[in-house]
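K.L.:
need coordinates for the following:
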Amino acid sequence: MGKKLKSTGLVGLGVIAGIAVSLQFSAMAQKPVEPALPLEELRQLADVYGLIKSDYVEPVEDKKLLTEAIAGMVASLDPHSAYLDKKAYAELREGSQGKFVGLGIEIGQSEEGYIKIVSPIEDSPAYRAGIKAGDLITRLDGTPVKGMSLDDSVKKMRGEPHTKVNLTILRKGETEPLVFSIAREEIRQKSVKGKLIEPGYAWLRISQFQEPTVDDLAAKIVELYKQDPNIKGLVLDLRNDPGGVLQGAIGVAAAFLPRDSAIVSTNGQLPDSKQIFYGRPEYYALRNDSDALAKLPEAVKKVPMVVLVNTGSASASEIVAGALQDYKRAAIIGTQTFGKGSVQTIRQLTPDTAVKLTTARYYTPNGRSIQAKGISPDLVVDENANDDGLNSLRTREADLDKHLSNDRDQESAKTNRDELEEQLRVMAMEKQRKPLEYGSNDDFQLSQALNHLKGLPVQLAKSESKLVQVASPTVKKDLSKK
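P.N.:
Here you go, the predicted structure:
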């Protein structure tokens, strides 16, 4: 019963609606397949196909049967392999490019089963209409959202430009539901935010790794150094970042490491899947004529750093955190990451369809496998001063059915608490808290990251010691020998 509550009430917290993958849109040569086919099993498949065509209660189209057979075959492999029909393939490409047609809101699922607004994207149609963080969507175009998956609700909110969708909203402090009619527009989502938290200390947040992420990161760093050329400490915030395109992860890590550093390696069946990716433009620049990192001030390679992670940090986020941890370039603070350490390659089948297939595992520069284990923080710090909030109930890769195993290390024990009483207690506490805005004065983990950069005591998670005194950030290492 506890597990059921967890899966229905907590899927998609923060900005995560399913776990994004580190994608490679590559043309790697396929491995030759043995010519011998399992004839007996193929006969069974043909027999079942014939039975459905002849005996099922109503006629079924051939295309539907064959498409569903392909989808089921791929989905049976692991949680991240999938057949992409025309709509799914288009949505994946939109997401990786950082643009889509919709309303411009980041959503999660509330405990009551409604759609919770995590944040409207600045200057989006939803933002201009007055949608606020913490609002609950109860109906979409009059259709109740209770029982509707996040994916289905996203599909209903997306559509053609300039068409309208009606949102029925419950807002704290309002006695009656509010109805907003909002026109869809093309949304260009900035994946990088940043600001000076206080004089000398900067905060950079990456919400998802997209094609423009490296360019956006470089521009934001240049902007911050213009505001304060003497930055003494930098926090890279990867909490609830579900991943994205591999080149983005390589470029972000390369921004803070010596040129030519090994960032991540992969290993799979194909010869081309056995690779090492380095911090050079050919590995992260998506436009051959541009190297965004060439504009960065030299100081960014040496500024003391903290990387913030949590259970929602997955895939490309874990690649960045793992690389910076292996080189002792940054202290990792937060909680154990998701553990999504596998490569999904997009194989196009037709102009409109494709297969997303797991083709390799990821490894950090020191050879640690990320898969089903994740990145362990150097300093474990809860989301709040008193507890880890809803983050403690999130599912990790090791909890997923059919997950790919870690081939080099023992997988972490499941950290999710399945007891119904504990889940209800945590969710009751969360109702009393206002939604956490990353980068705000109320961001407890960020305040502990700043303490670490200043050499002040850090309040660790309840499972750890209460306070740790750090003399100075663990960043003044000679990286040239790595």
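
K.L.:
now for the helix or strand Ser447 falls within, which elements pack on it?
P.N.:
Using DSSP states H and E, Ser447 maps to helix 444-454. For helix 444-454, the packing partners by 3 or more C-beta pairs under 8 Å, 6 or more residues apart in numbering; DSSP states H and E come out as strand 192-198, strand 201-206, strand 233-237, strand 305-309, strand 331-334, strand 458-459. Yep, even glycine has a C-beta here, placed from its N, CA and C like the rest.

K.L.:
could you dump the ones you listed into TSV with mean pLDDT and distance to Lys220 added?
P.N.:
Conversion of the helices and strands packed on helix 444-454 to TSV gives the following (pLDDT from 0 to 100; distance: least, C-beta to C-beta, whole Å):
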stretch	mean pLDDT	distance to Lys220
strand 192-198	96	4
strand 201-206	98	6
strand 233-237	98	11
strand 305-309	98	15
strand 331-334	98	21
strand 458-459	96	26
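
K.L.:
mean neighbour count, those strands: which tops it?
P.N.:
Among the helices and strands packed on helix 444-454, ranked by average contacts under mean count of other C-beta atoms under 10 Å, first place goes to strand 305-309 (a mean of 28).

K.L.:
helix 444-454 and that one, what's the angle between them?
P.N.:
Put simply, strand 305-309 runs at 160 degrees to helix 444-454, going by axes from the mean of the first three to the mean of the last three C-alpha atoms, to 10 degrees.

K.L.:
I'd assumed Glu174 was in a strand, is it?
P.N.:
No: assessed with DSSP: H, G, I helix; E, B strand; the rest coil, Glu174 is coil; it does not lie in a strand.

K.L.:
what's the neighbour count on Asp152?
P.N.:
Around Asp152 there are 13 other residues, counting by other C-beta atoms under 10 Å.

K.L.:
which parts of the helix or strand harbouring it are buried?
P.N.:
Here Asp152 sits within helix 150-157, counting by DSSP H and E. By 16 or more other C-beta atoms under 10 Å, the buried positions in helix 150-157 come out as Leu150, Ser153, Val154, Lys155, Met157.

K.L.:
who does the helix or strand that that helix is followed by touch, helix- and strand-wise?
P.N.:
Downstream of helix 150-157, the next assigned helix or strand under DSSP H and E is strand 164-170. Based on contacts counted as 3+ C-beta pairs under 8 Å, 6+ apart, the elements that strand 164-170 packs against are strand 136-140, strand 178-183.

K.L.:
of those strands, flag the one that's most buried.
P.N.:
Most buried among the helices and strands packed on strand 164-170, counting by mean count of other C-beta under 10 Å: strand 136-140, with a mean of 19.

K.L.:
strand partners of it, parallel vs antiparallel please.
P.N.:
strand 115-120 (antiparallel), strand 143-144 (antiparallel), strand 164-170 (antiparallel) (DSSP bridges).

K.L.:
can you check what angle separates that strand from strand 178-183?
P.N.:
Between the axes of strand 136-140 and strand 178-183, defined by the same axes, to 10 degrees, the angle is 60 degrees.

K.L.:
what bridges to Arg361?
P.N.:
Asn267, Ser342.

K.L.:
from the buried residues of helix 150-157, which is closest to Glu383?
P.N.:
Glu383 lies nearest to Leu150 out of those, by C-beta to C-beta, at 21.2 Å.

K.L.:
right, and the closest one touches Ile115 too?
P.N.:
Yes: assessed by C-beta atoms under 8 Å, Leu150 is found in contact with Ile115 at 7.3 Å.

K.L.:
neighbours around His403, how many?
P.N.:
Residues near His403, counting by other C-beta under 10 Å, number 19.

K.L.:
that one: what secondary structure?
P.N.:
Going by three-state DSSP: His403 is coil.

K.L.:
quick check: the gap between it and Lys116.
P.N.:
Using C-beta to C-beta, to the nearest Å, His403 is found at 27 Å from Lys116.

K.L.:
looking at the chain, which helix or strand is least sure?
P.N.:
helix 2-9 (a mean of 30; mean pLDDT, DSSP states H and E).

K.L.:
for Arg417, give me the pLDDT.
P.N.:
Arg417 is assigned 48 on the pLDDT scale.

K.L.:
out of the helices and strands packed on helix 444-454, nearest to Gln227?
P.N.:
Evaluated over the helices and strands packed on helix 444-454, closeness to Gln227 peaks at strand 192-198, with 5.8 Å, by C-beta to C-beta.

K.L.:
okay, now the sheet partners of the closest one, with direction.
P.N.:
Strand 192-198 is paired, per DSSP bridges, with strand 201-206 (antiparallel).

K.L.:
let me have the helices and strands packed on helix 444-454 in a markdown table, extended by distance to Ala254.
P.N.:
Compiled in a markdown table, those are given as follows (distance: least, C-beta to C-beta, whole Å):
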| stretch | distance to Ala254 |
| --- | --- |
| strand 192-198 | 15 |
| strand 201-206 | 14 |
| strand 233-237 | 13 |
| strand 305-309 | 14 |
| strand 331-334 | 18 |
| strand 458-459 | 28 |
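
K.L.:
just the strands from the stretch 1-150 of the chain, written as ranges.
P.N.:
Taking DSSP state E, counting those that start in this stretch, the strands of the stretch 1-150 of the chain run over residues 22-24, 82-84, 99-102, 105-109, 115-120, 136-140, 143-144.

K.L.:
of those strands, which approaches Asp216 most closely?
P.N.:
Judging the strands of the stretch 1-150 of the chain by C-beta to C-beta, what sits closest to Asp216 is strand 99-102, at 12.8 Å.

K.L.:
so what sits against both of Leu150 and Ile115?
P.N.:
Any residue near both Leu150 and Ile115 by C-beta atoms under 8 Å, 6 or more residues apart in numbering counts here, and that gives Ile107, Gly108, Gln109.

K.L.:
give me the neighbour count for the last one.
P.N.:
Which is Gln109. Gln109: 21 surrounding residues under other C-beta under 10 Å.

K.L.:
distance-wise, check it relative to Phe180.
P.N.:
In terms of C-beta to C-beta, Gln109 sits 20 Å off from Phe180.

K.L.:
same check, this time on the first one
P.N.:
Taking C-beta to C-beta as the criterion, Ile107 is separated from Phe180 by 14 Å.

K.L.:
mean pLDDT and distance to Arg128 for the strands of the stretch 1-150 of the chain - can I get that in a markdown table?
P.N.:
Shown next, in a markdown table, are the strands of the stretch 1-150 of the chain (pLDDT from 0 to 100; distance: least, C-beta to C-beta, whole Å):
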| stretch | mean pLDDT | distance to Arg128 |
| --- | --- | --- |
| strand 22-24 | 53 | 31 |
| strand 82-84 | 95 | 32 |
| strand 99-102 | 81 | 14 |
| strand 105-109 | 81 | 12 |
| strand 115-120 | 85 | 9 |
| strand 136-140 | 95 | 17 |
| strand 143-144 | 94 | 24 |
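
K.L.:
got the contact list for Phe444?
P.N.:
By C-beta under 8 Å, 6+ apart, Phe444 lies in contact with Val381, Asp382, Glu383, Asn384, Ala385.

K.L.:
low pLDDT regions in the stretch 301-450 of the chain?
P.N.:
Within the stretch 301-450 of the chain, the segments meeting pLDDT under 70 span 411-432.

K.L.:
repeat that with 50
P.N.:
Scanning the stretch 301-450 of the chain for pLDDT under 50 picks out 413, 415-417.
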